[in-house]
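Enquirer: Sequence unavailable; structure follows:
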């Protein structure tokens, strides 16, 4: 992870991701978010689920938004590079701002879900991340009702001394991210109807 007072540029992000490329995940339960009922103990587990609308067009818009990493386009967070393909093994730098500091956090896509009714992926933390754990982002089309849902499922715990010291603040940021991300996805899909 990297802490700084100014937003990092692309060369710094590329160097950061390159330094994480061969490193292992920082947690043992890699892929655990595939089964929401069997998340590992010893972590904070969180889920946020919001309705995006109805029908195939809404489902496709939600999938397109995930492919563009729109769920991170919040002003105070970003997933970089934005053109990172949603493919297992691809790494991304999650940029976040809080208390006047920018942090870069390294994550790698663990798995991808792609079917007629589900699209999404989970990424897991690498050593250059203030937390350890996994987060899944999923678009789901309910074939019975036609409703389309955006679902975030995560388990995490601190992986850096500052995250441990500021645990309550970190948990507030995580909650804010889930709420802001859900709202951003609703706006993105509504704008494409």
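Expert: Received it, and whenever you're ready, just let me know what you need. Since the structure is predicted, the reported quantities are computational estimates derived from the model, not experimental observations.

Enquirer: tell me the mean pLDDT over whichever strand in the chain runs longest?
Expert: Looking across the chain with DSSP state E, the single longest strand is strand 101-114. Across strand 101-114, pLDDT averages out at 94.

Enquirer: Return the distance of it from the chain's centre.
Expert: A distance of 6 Å separates the centroid of the chain from that of strand 101-114, by Cα atoms, centre = their mean, to the nearest Å.

Enquirer: which residues touch the spatially most central residue of the chain?
Expert: The residue lying closest to the centre of the chain (Cα atoms, centre = their mean) is residue 135, at 5.5 Å. By Cβ atoms under 8 Å, 6 or more residues apart in numbering, residue 135 lies in contact with 33, 107, 122, 123, 152, 153, 154, 156. To be clear about C-beta, it is placed using only N, CA and C from the backbone, and glycine gets the same treatment.

Enquirer: go on, residue 117?
Expert: Residue 117 touches 59, 140, 141, 142, 143, counting by Cβ under 8 Å, 6+ apart.

Enquirer: Restricted to strands, list the residues you listed.
Expert: Filtering the contacts of residue 117 for strands - DSSP E - leaves 140, 141.

Enquirer: Any chance of CSV for the contacts of residue 117, columns distance to residue 130?
Expert: Shown next, in CSV, are the contacts of residue 117 (distance: Cβ to Cβ, whole Å):
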residue, distance to residue 130
59, 33
140, 29
141, 34
142, 35
143, 39
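
Enquirer: May I ask which of the contacts of residue 117 has the most neighbours?
Expert: residue 59 (25 neighbours; other Cβ atoms under 10 Å).

Enquirer: so that one touches residue 139, yeah?
Expert: Yes: assessed by Cβ atoms under 8 Å, residue 59 is found in contact with residue 139 at 6.4 Å.

Enquirer: remind me which residues of the protein are low pLDDT?
Expert: By pLDDT under 70, the low-scoring segments of the chain are 1-2, 192-193.

Enquirer: For the biggest helix by length in it, buried residues please.
Expert: Secondary structure of the chain per DSSP state H: the longest helix is helix 167-191. Going by neighbour count (16 or more other Cβ atoms under 10 Å), the buried part of helix 167-191 is 170, 173-174, 177-178, 180-182, 184-186, 188-189.

Enquirer: Pipe those into TSV and attach distance to residue 147 per row.
Expert: Below are those laid out as TSV (distance: Cβ to Cβ, whole Å):
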residue	distance to residue 147
170	32
173	29
174	26
177	24
178	20
180	22
181	19
182	15
184	19
185	14
186	13
188	17
189	12
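
Enquirer: if we can go back for a sec, within the sheet, what are the partner strands of the helix or strand containing the residue nearest to the centre of the chain, with directions?
Expert: Remark: residue 135 resides in strand 131-141, with elements defined by DSSP states H and E. Applying DSSP bridges, strand 131-141 is found paired with strand 118-125 (antiparallel), strand 147-158 (antiparallel).

Enquirer: can you redo those as TSV with mean neighbour count and distance to residue 76?
Expert: Below are the strands paired with strand 131-141 laid out as TSV (neighbours: other Cβ atoms under 10 Å; distance: least, Cβ to Cβ, whole Å):
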stretch	mean neighbour count	distance to residue 76
strand 118-125	22	19
strand 147-158	21	17
